[in-house]
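# I would like the atomic coordinates for the input below:
(one chain, ligands or ions: 1)
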Amino acid sequence: MTSLRYFAAFAHSALKFIPSGCGSPYRGFRGFIRTMAAANLKQQKLVSALLDWFSTNARDLPWRRTRDPYAIWVSEIMLQQTQVKTVIPYWNRWMNELPTIKAAAEARSAKIHKLWEGLGYYTRARNLQKAAKEIIAQHAVISKPCRRRGNESQTEKELETPHVVSYKFPDNFDNVLALPGVGRYTAGAICSIAFNQPTPILDGNVIRVLTRVFGIGGNPREKKTNAQLWRLAEDLVVHAASSPSICRRRRKESHSTSISSHRLLTSSPTCANLNQSLMELGALVCAPRNPQCEICPVKKLCVAFREDRVVELPNLGKREAATARRFAAFVVERNGCFLVRQRPAGVVNAHLWEFPNAEIHPSSSNSGHQSAHYSCKNGQSRLTSAATVQKHDWEIIHAAKSLGIEPATLHPLCTVKHSITRYRITLEVFRVSFGGTSYTSPHPKRAMSGTRRTRPSETGIWLTPVQLRKLAFTAAYRRILRRLQTHPQ
Ligand code: SF4
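Predicted structure coming up:
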C-alpha cells in the first residue's frame with residue numbers, strides 16, 4: 001500500500017504527459033490515478049493537521065517526558081483497558097519502585113502484584129516481568145574489561161572475562177513483538193514513540209478517528225475492515241515520517257508561543273507525535289459519545305461529519321449480552337486475624353488474594369439482609385430462627401460449609417457489584433462468627449486448583465490487618481477491606 005502511495009504521487013505528476021479526452025484509451029487509468037492522488041493528498045493534509053494540533057494540545061503526561069522505551073512500554077501496558085487518569089499514579093509508583101528493566105525482572109512476584117493491585121488484567125503485569133527477564137537474558141550489553149592504570153594485580157583471566165554493563169531494549173519491531181505480552185499495537189507504539197519508527201498503531205481511539213474521518217462503515221472487528229484500518233494507520237505514519245518537522249515549519253512561521261508546544265517541538269519526532277495525536281484526538285475530541293466536531297482540527301477532512309454519520313461510526317455491531325453471576329464471600333475473624341486465601345495460577349486474577357467465597361445461583365436473591373442465626377451443639381450446626389431464613393439463606397449457608405466454614409451467625413456486611421470481561425458480578429459479603437465451632441480447611445479436591453497439589457495459602461490462612469495491607473487484593477475485595485476499616489464490628 002505504501003509503495004502504491006508513492007506510485008500514485010509519481011503518476012499524478014506524470015498525468016500531464018498522459019493523453020486525455022473522451023476517446024483516449026488512458027481514460028480509466030487517469031481516473032484511477034486521480035482517485036489515488038486525492039486519497040494521498042487527504043492523508044498528507046490529515047497528518048499535517050494532526051501534527052499541528054498535537055504540538056499545542058498534547059496533554060503533559062509523565063511518560064511523554066521521556067523516550068526511555070522501558071518507561072513507554074510500562075505506560076502502554078498499563079493503558080490497555082484503563083483510563084489515563086487512573087494509570088498516572090500507578091505508573092509513577094511503578095517507575096519509582098522498579099526504575100529499570102533489571103529491577104522489574106528481579107522483583108518478587110508479590111511486589112509486582114501489589115504495584116498492579118486494582119489495575120486488573122494481572123496477566124499483563126506477569127507478562128511484563130517475563131518480558132523483562134527475556135530482555136535481560138537476550139539483550140545484554142557486554143563489555144570486555146581493560147587494564148586499569150596502575151593495577152598490575154589484574155590477572156589475564158580477569159581481563160578476558162567480559163561483563164554485562166547494561167541491558168538494551170530491542171529497537172527492532174519484530175524483536176519487540178516477540179516479547180511476552182506484546183502484541184502488534186504495543187510493539188508499534190513502543191517503536192514509534194521511543195524510536196520514532198514509522199510503525200502503525202490501532203487501538204479503540206484510533207479506530208474511532210479513522211472510521212469517522214474516512215467514513216468506513218464495516219465492522220472494525222471483522223478481518224477485512226481491520227486490515228483496511230491497519231493499512232490506513234500505516235500510510236499515515238509513513239506520511240508523518242517524511243513530513244517536515246513541526247519544529248522546522250514553526251521556525252519558518254516564527255510564532256511559536258506556548259510552553260507545551262515549545263517542549264514538544266524541541267525534538268519533534270513526527271512518527272511518535274502522529275501516532276500519539278491519533279490517540280489523543282480520540283480521547284479528547286472524537287469521543288465515543290458527543291464528539292466535539294465544531295472544534296475538531298480535522299473536521300474539514302471528516303467524511304462522517306460531512307455526511308452526518310458521526311453517531312453510526314464506528315460500526316461495532318451488537319455487543320455480547322453480559323452474563324450475571326453471584327458469589328457469596330465470608331469475612332471470618334478469629335483472635336484479630338482474618339481468614340484469606342490466594343487464587344492459584346491459571347485462573348482469573350491468579351495470585352491475588354481474597355476472602356473465601358463460592359458461586360451461588362444467579363437468580364438467587366437476598367432476603368432483605370436478615371441475619372441467619374445458628375447455634376452449635378455437639379459439633380452440629382442447627383438453625384434456631386428458621387422463620388427468618390429463606391431459600392437464598394440456605395444457599396449462603398451451604399456455600400459457607402462447602403468452604404469448611406461452620407458459622408454460628410452470618411451478618412450481611414455489604415454487596416459489591418463489578419464486572420470482569422462480559423460477566424456482571426454481584427458479590428454478597430457476610431461476616432461470620434464461629435461461636436464455638438472451628439474452621440476446617442476444605443478438602444484439596446474442593447480447592448480451586450483442581451488436581452494440582454494445593455498450597456496452604458490457597459485453601460486459607462489467618463492474617464492480621466497489618467499483614468493484609470501488604471498483600472494484593474482484587475478491586476472488589478479491596479472494597480471489602482475498606483468497608484472493614486470503616487465498620488470494624
Ligand atoms: Fe471525530 Fe467529529 Fe472530528 Fe470527525 S469531525 S474526527 S467525527 S470529532
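
# pLDDT weak spots in the stretch 351-489 of the chain?
In the predicted model, the stretch 351-489 of the chain carries pLDDT under 70 at residues 364-392, 434-456, 488-489.

# ok, now with 90
For the stretch 351-489 of the chain, the stretches flagged by pLDDT under 90 are 361-412, 418-423, 432-461, 474-475, 482-489.

# tell me where it has helices.
391-402, 456-459, 465-469, 475-486 (DSSP state H, counting those that start in this stretch).

# quick one: which of those helices is nearest Pro89?
helix 475-486 (14.5 Å; Cβ to Cβ). Using the backbone N, CA and C atoms, a C-beta is placed for each residue, glycine as well.

# thought Leu202 was touching Met279, still the case?
No: contact criterion Cβ atoms under 8 Å: Met279 and Leu202 do not qualify, at 10.1 Å.

# nearest to the ligand: which residue in the stretch 101-250 of the chain?
For the stretch 101-250 of the chain and the ligand, the shortest gap (Cβ to the nearest ligand atom) falls at Arg212, measuring 4.0 Å.

# residues near that residue, how many?
Arg212 has 24 neighbours, counted by other Cβ atoms under 10 Å.

# what's near enough to touch the residue nearest to it when sequence neighbours are not counted?
Spatial nearest neighbour of Arg212, chain neighbours left out: Ala304 (3.8 Å); criterion: Cβ to Cβ, 6 or more residues apart in numbering. Applying Cβ atoms under 8 Å, 6 or more residues apart in numbering, we find Ala304 in contact with Thr211, Arg212, Val213, Gly215, Val310, Glu312, Leu313.

# and Ile480, by the same measure?
Taking Cβ under 8 Å, 6+ apart as the criterion, Ile480 is in contact with Ala329, Val331, Phe355, Leu413, Cys414, Val416, Val429.

# the fourth one contacts His487, correct?
In other words, Leu413. Yes: shown here, Leu413 and His487 form a contact pair, counting by Cβ under 8 Å, at 7.4 Å.

# which one of the two is surrounded by more residues?
Leu413 (20 against 10).

# list the contacts for the more buried one?
By Cβ under 8 Å, 6+ apart, the contact list for Leu413 reads Val331, Val429, Phe430, Arg431, Ile480, Arg483, Leu484, His487.

# any idea how far it is from Phe430?
As judged by Cβ to Cβ, to the nearest Å, Leu413 and Phe430 stand 6 Å apart.

# mutual contacts of those two, please.
Common neighbours of Leu413 and Phe430 are listed as Val331 (criterion: Cβ under 8 Å, 6+ apart).

# spell out which parts of the stretch 201-350 of the chain neighbour the ligand.
The stretch 201-350 of the chain comes close to the ligand at residues 209, 212-213, 285-286, 291-293, 296, 298-299, 302, 304-305, 310, as judged by Cβ under 6 Å from any ligand atom.

# dump stretch 413-423 to CSV, keeping only the CA atoms.
Extracted in CSV, the C-alpha atoms of stretch 413-423 (Å, rounded to 0.1, in the frame of the first residue of the first chain):
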residue,chain,number,x,y,z
LEU,A,413,-21.7,-6.8,55.5
CYS,A,414,-22.1,-5.3,52.1
THR,A,415,-22.8,-6.1,48.4
VAL,A,416,-20.2,-5.3,45.8
LYS,A,417,-21.1,-5.1,42.2
HIS,A,418,-18.4,-5.2,39.5
SER,A,419,-17.7,-6.5,36.0
ILE,A,420,-15.0,-8.8,34.7
THR,A,421,-14.9,-9.1,30.9
ARG,A,422,-18.5,-10.0,30.0
TYR,A,423,-19.6,-11.0,33.5
